[in-house]
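>>> Got a predicted structure here, sequence first:
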Amino acid sequence: MGFIKTLAIGAAVAYGINYVTKKGPDGKSIIDNLVDNAPEWADRAKKYGELTLEQIAVRTQNLRDNSRR
């Protein structure tokens, strides 16, 4: 039973790799699109992280100000 399970998982992984590396009508694969868009996503994540840190700093300062009263 373990052999059949391993065989099924291996087939699913092989199909997945084949699917994401297959070239589409535009001549690019899913992996190519991910690699092309990665810098943009990294910039977005960095901006989101900076915004979140600013919000946390403001909330922390407000908490400190309120606890001193």
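Arrived safely.
>>> Counting by contacts, list what the longest helix anywhere in the chain packs against.
Secondary structure of the chain read by DSSP state H shows that its longest helix is helix 30-67. Where contact means 3 or more CB pairs under 8 Å, 6 or more residues apart in numbering; DSSP states H and E, helix 30-67 is packed against helix 2-21. (Glycine included, C-beta is placed from N, CA and C.)
>>> now the helix it packs on: how far from the chain's centre is it?
Centroid separation for helix 2-21 versus its chain: 23 Å, with CA atoms, centre = their mean, to the nearest Å.
>>> Who are the packing partners of it?
The contact analysis (3+ CB pairs under 8 Å, 6+ apart) places helix 2-21 against helix 30-67.
>>> average pLDDT for the helix it packs on?
The average of the pLDDT scores along helix 30-67 is 94.
>>> Just want the angle from it to helix 2-21.
Counting by axes from the mean of the first three to the mean of the last three CA atoms, to 10 degrees, helix 30-67 lies at 90 degrees to helix 2-21.
>>> oh, and call the first residue 701 from now on, that's how I've got it
OK, 701 is where the count begins now, so the last one is helix 730-767.
>>> What residues of helix 730-767 count as buried?
Across helix 730-767, burial judged by 16 or more other CB atoms under 10 Å covers no residue at all.
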